[in-house]
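**Q** heads up, no residue letters with this:
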């Protein structure tokens with residue numbers, strides 16, 4: 001990493017780690033949500049994601065230990081290595097908050113392919129004054145790495161404000177943007193609220209070579225993937241010699257459980273603690289590389305529909321399989337969709353961030369969302385408000401990903417990070433939401 005890039009990253013990490021809340025101050029209460037999250041991040045084009053179910057159970061507080069484990073140690077090491085930033089001219093920012101007025105020249109309504117945006121005032125945004133904008137700046141710097149028309153014009157100011165006090169950053173946002181509430185195209189007939197779910201990056205133990213206890217392969221892209229569309233289904237891949245021959249030699253790693261493999265397929269990426277052939281251990285990322293182009297079908301939904309379980313969370317699914325191991329293959333085959341991966345190294349500061357989303361940049365835990373780009377364009381700054389029964393959430397986030405079932409005007413999938421605690425949160429978060437796009441003035 002070049003010196004200038006490292007200094008910029010240190011500014012972002014300084015705000016992120018120095019804030020005391022690590023981006024998740026809103027998650028102080030236990031959460032509950034019905035079912036397995038099903039989301040898939042994408043490197044270059046729109047692909048699939050989802051979540052489903054309706055059996056709510058309480059869960060214990062998980063985020064504190066996960067956040068400390070994921071960020072504090074690595075962040076402290078990075079901050080120790082950071083040198084003093086170069087002095088750059090500051091943008092003109094009011095010392096006190098601008099008046100929360102609507103821009104007179106702003107159109108009252110903006111029509112998008114799948115939504116309409118209604119002119120709003122800053123006072124309409126719940127909890128706007130309480131957010132820590134330093135934490136959001138980590139994601140905003142990532143946003144500016146892509147040359148998108150709706151993000152680049154103000155990126156020079158974003159870089160200059162990196163590491164500055166949160167209040168100064170908030171004042172600049174109010175001075176530079178106009179909020180618009182995102183609504184359904186037919187807001188009279190459709191409910192005003194939308195749906196918020198969450199997704200994460202799972203972490204599993206794995207082996208480079210098959211061995212007892214690690215016999216489930218994770219594959220790279222077969223050479224003939226484009227030769228037929230759709231490619232072989234999950235069931236066909238497990239049985240047909242032609243499919244197995246096409247995948248021979250494409251094994252990246254082997255994990256313990258077909259259920260864990262399904263989790264990776266559903267989330268679309270993950271991390272592996274990998275035991276190499278020489279016995280050494282490394283952590284790698286499995287990034288989304290392709291799909292067999294079959295539609296996603298929820299195995300949790302199938303269990304509910306068959307009245308086989310009342311708990312379709314991942315722990316519930318695993319518990320059912322523990323009681324019915326002879327039905328594992330039958331259950332996995334209910335989802336014909338199959339994902340192929342590519343291996344990526346996890347080096348330096350990049351290990352703090354998530355996988356790349358559809359926008360092509362690493363996702364930031366707690367500040368990146370997946371959206372329907374027909375409603376909210378990639379790169380958009382979005383004020384997200386969700387008042388679930390136990391989880392109030394009001395914060396600045398960025399539209400940096402999508403998924404095949406993340407569809408509709410007011411719909412978002414919220415990236416919560418990596419590991420088991422993030423998975424518990426993602427698997428249970430399902431609640432109403434509202435969104436405001438912050439449009440550059």
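**A** Thanks, I have the structure now. Keep in mind it's a predicted model, so treat the numbers as computed, not measured.

**Q** so residue 171, which of the three states?
**A** helix (DSSP: H, G, I helix; E, B strand; the rest coil).

**Q** Do you know the pLDDT at it?
**A** Here the pLDDT value assigned to residue 171 is 97.

**Q** ok, it - how many residues close by?
**A** Residues lying near residue 171 (other CB atoms under 10 Å) number 19. Heads up, the C-betas are built off the backbone N, CA and C, glycines and all.

**Q** Kindly report the same for residue 201.
**A** 26.

**Q** And it, its phi and psi?
**A** Backbone torsions of residue 201, given as degrees, to the nearest 10, read phi -110, psi 110.

**Q** Then residue 327?
**A** phi -110, psi 10.

**Q** doesn't residue 333 make contact with it?
**A** No: Residue 327 lies out of contact with residue 333 (CB atoms under 8 Å); the separation is 10.2 Å.

**Q** quick one: which of these two has more around it?
**A** Per other CB under 10 Å, whichever of residue 327 and residue 333 has more neighbours is residue 333, with 17 against 12.

**Q** Leaving out the residues flanking it, which one is nearest to the more buried one?
**A** Among residues not flanking residue 333 along the chain, residue 235 sits closest, at 4.4 Å (CB to CB, 6 or more residues apart in numbering).

**Q** How is the one you found assigned, secondary-structure-wise?
**A** With three-state DSSP as the basis, residue 235 sits in helix.

**Q** Any idea how many residues pack against it?
**A** Neighbour count for residue 235, taken as other CB under 10 Å: 18.

**Q** same thing with residue 293?
**A** 16.

**Q** Give me the spatial nearest neighbour of it, chain neighbours excluded.
**A** residue 230 (4.0 Å).

**Q** Please apply the same query to residue 251.
**A** Residue 251 sits nearest to residue 217 (CB to CB, 6+ apart), 4.5 Å away.

**Q** List the beta-bridge partners for the one you found.
**A** residue 254 (DSSP bridges).

**Q** which residues of the stretch 101-250 of the chain fall in helices?
**A** 133-143, 149-152, 155-160, 166-176, 234-239, 241-247 (DSSP state H, counting those that start in this stretch).

**Q** Out of these, which is closest to residue 319?
**A** helix 234-239 (22.2 Å; CB to CB).

**Q** now for that closest one, which elements pack on it?
**A** With contacts defined as 3 or more CB pairs under 8 Å, 6 or more residues apart in numbering; DSSP states H and E, helix 234-239 has these neighbours: helix 241-247.

**Q** average pLDDT for the helix it packs on?
**A** 96.

**Q** what packs against it?
**A** helix 234-239.

**Q** Could you tell me which ranges of this protein sit under the pLDDT cut-off?
**A** Scanning the chain for pLDDT under 70 picks out the ranges 1-103, 189-191, 389-390.

**Q** domain ranges for it?
**A** 3-86+106-198+351-440, 202-348 (automatic domain parsing).

**Q** Just the terminal-to-terminal distance for the shortest one.
**A** By that I understand domain 202-348. 19 Å (CA to CA, to the nearest Å).

**Q** Count the residues that sit near residue 436.
**A** So residue 436, with other CB under 10 Å, has 24 neighbours.

**Q** just the one 5 residues further on next, same as before
**A** Using other CB under 10 Å as the criterion, residue 441 is surrounded by 11 other residues.

**Q** Please apply the same query to residue 438.
**A** The number of residues near residue 438, taken as other CB under 10 Å, comes to 21.

**Q** quick one: contacts for it?
**A** Residues in contact with residue 438 (CB atoms under 8 Å, 6 or more residues apart in numbering) are 173, 177-179, 380-383, 396.

**Q** in its sheet, what does whichever strand or helix holds it sit against?
**A** Using DSSP states H and E, residue 438 maps to strand 430-440. Strand 430-440 has the following strand partners under DSSP bridges: strand 177-183 (antiparallel), strand 194-201 (antiparallel), strand 381-387 (antiparallel).

**Q** Now the residue nearest to residue 293: phi and psi?
**A** phi -70, psi 160.

**Q** Against residue 290, how distant is it?
**A** 12 Å (CB to CB, to the nearest Å).

**Q** more crowded one of these two?
**A** Using other CB under 10 Å, the more surrounded residue of residue 230 and residue 290 is residue 290, with 19 against 13.

**Q** So the more buried one: helix, strand or coil?
**A** strand.

**Q** what's the answer for residue 406, then?
**A** coil.

**Q** Distance check, it against residue 194.
**A** 11 Å.

**Q** Now for those two: what residues contact both?
**A** Contact with both residue 406 and residue 194 is made by residues residue 412, according to CB under 8 Å, 6+ apart.

**Q** of these two, who's got more company?
**A** residue 406 (27 against 21).

**Q** do you know how far the closest residue to residue 288 other than its chain neighbours is from residue 342?
**A** Nearest residue to residue 288 in three dimensions, chain neighbours excluded: residue 268, at 4.4 Å (CB to CB, 6+ apart). Distance from residue 268 to residue 342, counting by CB to CB: 12 Å.
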